[in-house]
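Asker: I would like to see how this sequence folds:
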Amino acid sequence: MRLVGWIFFWGIIFFAVIGGVWRKMYDWKSRFPDQLEIAGLESPVEIQWGEFDTAQIQANSLSDALVGLGYVQGRLNGWTIALWRQAALGKLSDWYGADAIEADRLVQLLDLSGNAQNASRHLPPEEAGLMASFGKGIDLAWQDTDSMHNFFLQNIRPEPWEPWHALVVERLIAWMSTSPDSLCLLGEPICAGTARLDSMILVHGLASSSAWLLPTSRGAVFYQRHVLGNSTAPVFQDVALKIANEPEVYGASLIGTPFFPAGKMGTRAWSILLHSPKTIQPAGSGLKRERRFSFRDREEIVYYQKSDSTLRIDGAPKELAWSGFGTGTDAQTWFALFRNQPAGFQLWRGDGILMSSDSSWTVLGAPNFVFPLHRSGFVISNDSSAAYSAYYLNQTDPDLTDPSDWITDTWSAWVENTLSEELDSLRIPENAPPLVQSALVYLKNWNHTFEGQSIGATIYNQWSISEGSTREIAFYRAVDQLAQRFGTDQSQWRWERVHTGHYLFTLHGRSGSRIHAPLTFPLIGHQSTMHWGGNRAAAAPAIWEGWTRDESGTPYFIRRQRLNLHQPFGRYLFDHADYSVFSLPAPHLDSTVLVPDDTE
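Answerer: Below is the predicted model:
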């Protein structure tokens, strides 16, 4: 009996240890605290934790609300904030050694940290106070990093947050927002550094974001899609701010900052496309400087020329002009959106749409493309492929269907209206190879949707990108290329096999872990469909979509992919089609009250 008792005792100990490790590895959600004390609050702040990792923050002032926002971001996305800040400070190699040296060298050459600190010093007192409030919330959340599995798994504890850190994170994302194809003309430190930084931050493709406004009989529909890269971690934090004596704010805050690229306040709404363009221009003359870099296992020297607006690496044929080299900040402009006081952007170009409380609307900034819609609507983007969205919307009766149906549609209006003419002019002889003849049959019977099982979509796509002196030669080559890639069994030429999406983890210290291996999944949609798809989606599958109407009381709807990886076996249960559509505020599951610390 004693032996059985000992076996039972050690069995309990064994399973308790395994359970503890299991909980840490899979980040089982610990209960949110009921109450926390924090110095500097004017009055209590209530945080209602909602479904889909959302939150509603109730406060008596904007300053207190931003303390709550910092706490929410730090609690739900603490690792992302810490990683982005480490990258923006040029200190990733302190965590990851030689793998991050190229990224650190680039960031230090750009001097993101120095420029952000200078920008912070020039903030007006009110904005400086708001930035400090936001930082207090992050610091409060980071006091409990032991319960955040990303920190635990990498044995990393973040340094305290300083108010100017939000500005350096903003500059980092601004740098990542555009990456010209000719970037490597700027020299190896910029070319290699940007590639390495992208592989660690995983935020890219932002230039393909778009927004549109379409009047209907039930009020104007205001929609926006932000393309955010391929990280499993979100880039936006969805929140509702309920501030005393003010209209509620619904929208998405850029993680690591108190800034809202997407939002609605009363009947007023806005979309700011995160676009900070770089200009590559002929190299000018200037004073040659020397920058010495000291890393763990080596030192480097880079010679360069730099001004308040340009950077040139010694020996490179081109120089870079970018607004991030100056000491300007857009903090005042972001906060002005809350006050209905539009102001000009400096770091960002500020492309977007502002829908005013009187239901009028304005195109902000200077987007590369503005496509007209019927009823005086329009689509804006910095990517020419947004023309397909405009084409689709101009074929749609906005009074008969709902926006949630449009944005998930894999049918291509443009392909349907152009393919018939192309097929009519295609001359395929009767003695053509059987694969070519059957491919033509598939194409003629295709319904112009880019669904996973569609074979016609695959044939059309390959034909559209194949080269040939005639359409017939291009078609033959397309069939041959598909046969080489997928075999001669055309039932295997499914669209879901053409483009594959990948979500990656930013736990670079756990790169050998199977739990954190890339998530791979088939893609649907096409660059010509409303549903985000095609080669751009393959590179940057993570998107955030939001829409509303200009009517008072209309909900703010959000659609984004739900990567519920915190549950046990979450990565194996992952479904690429598992999108969440919800409105703010979402139903709340728990609550936390932040109260002033009277001892301070």
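Asker: Relative to Asp198, how far out is Gly205?
Answerer: 10 Å (C-beta to C-beta, to the nearest Å). Heads up, the C-betas are built off the backbone N, CA and C, glycines and all.
Asker: meant to ask about Pro596
Answerer: 42 Å.
Asker: same deal with Met265?
Answerer: Look at Met265 and Asp198: by C-beta to C-beta, they are 34 Å apart.
Asker: Can you pick out the residue with more neighbours from those two?
Answerer: Met265 (21 against 16; other C-beta atoms under 10 Å).
Asker: isn't the more buried one right next to Phe338, touching?
Answerer: Yes: assessed by C-beta atoms under 8 Å, Met265 is found in contact with Phe338 at 6.6 Å.
Asker: what residues are shared contacts of these two?
Answerer: Val249 (C-beta atoms under 8 Å, 6 or more residues apart in numbering).
Asker: can you pull out the strands in the stretch 301-450 of the chain?
Answerer: Under the criterion DSSP state E, counting those that start in this stretch, strands of the stretch 301-450 of the chain are mapped to 310-313, 318-322, 352-355, 361-364, 369-372, 378-381.
Asker: what sits up against the fifth one?
Answerer: With contacts defined as C-beta under 8 Å, 6+ apart, strand 369-372 is touched by Val363, Phe378, Val379, Ile380, Ser381, Asn382, Asp383, Ser384, Ala386, Ala387, Ser389, Ala390.
Asker: I'd assumed Lys136 was in a strand, is it?
Answerer: No: under DSSP: H, G, I helix; E, B strand; the rest coil, Lys136 sits outside any strand and is assigned helix.
Asker: so who does Thr506 touch?
Answerer: Shown in contact with Thr506 (C-beta under 8 Å, 6+ apart): Trp79, Thr80, Leu83, Met200, Ile201, Leu202, Ser231, Thr232, Ala233.
Asker: again, only using 6 Å
Answerer: Applying C-beta atoms under 6 Å, 6 or more residues apart in numbering to Thr506 gives the contacts Leu83, Ser231, Ala233.
Asker: Three-state assignment for it, please.
Answerer: Applying three-state DSSP: Thr506 is coil.
Asker: From Trp495, how far out is it?
Answerer: Relative to Trp495, Thr506 is positioned 30 Å away (C-beta to C-beta).
Asker: now do Ile524
Answerer: For Ile524, the distance to Trp495 - C-beta to C-beta - is 7 Å.
Asker: hey, what's in contact with both of the two?
Answerer: Phe450, Gly452.
Asker: Report the residue spans of this structure with pLDDT below the cut-off.
Answerer: 1-30, 145-149, 152, 342, 509-513, 564-578, 599-600 (pLDDT under 70).
Asker: Spatially central residue for it, please.
Answerer: Closest residue to the average C-alpha location of the chain: Leu228 at 2.3 Å, with C-alpha atoms, centre = their mean.
Asker: same for the one helix or strand it maps to, what does it pack against?
Answerer: Per DSSP states H and E, Leu228 falls inside strand 221-229. Using 3 or more C-beta pairs under 6 Å, 6 or more residues apart in numbering; DSSP states H and E as the contact test, the elements touching strand 221-229 are strand 210-214, strand 542-549.
Asker: Now do the helix or strand that comes right after the last one: which elements does it pack against?
Answerer: Going back to what we said before, that points to strand 542-549. Downstream of strand 542-549, the next assigned helix or strand under DSSP H and E is strand 556-561. Helices and strands touching strand 556-561, by 3+ C-beta pairs under 6 Å, 6+ apart, are strand 542-549, strand 579-584.
Asker: who touches strand 556-561?
Answerer: By C-beta under 6 Å, 6+ apart, the residues outside strand 556-561 that reach it are 238, 250, 264, 544-548, 579, 581-584.
Asker: Please compute how far the lengthiest helix in the chain lies from its chain's middle.
Answerer: Across the chain, the longest stretch assigned as helix under DSSP state H is helix 62-88. How far helix 62-88 lies from its chain's middle: 16 Å, per C-alpha atoms, centre = their mean, to the nearest Å.
Asker: Show me what that helix is packed against.
Answerer: Helix 62-88 packs on strand 45-50, strand 54-59, helix 125-142, helix 165-176, strand 236-243, going by 3+ C-beta pairs under 6 Å, 6+ apart.
Asker: thinking again about what came up before, for the helices and strands packed on strand 221-229, give me CSV that also has mean neighbour count.
Answerer: Formatted as CSV, these follow (neighbours: other C-beta atoms under 10 Å):
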stretch, mean neighbour count
strand 210-214, 24
strand 542-549, 24
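Asker: between these, which gets nearest to Ser43?
Answerer: Proximity to Ser43 (C-beta to C-beta) singles out strand 542-549 among those, at 29.8 Å.
Asker: what lines up beside that closest one in the sheet?
Answerer: For strand 542-549, the paired strands and their directions (DSSP bridges) are strand 221-229 (antiparallel), strand 556-561 (antiparallel).
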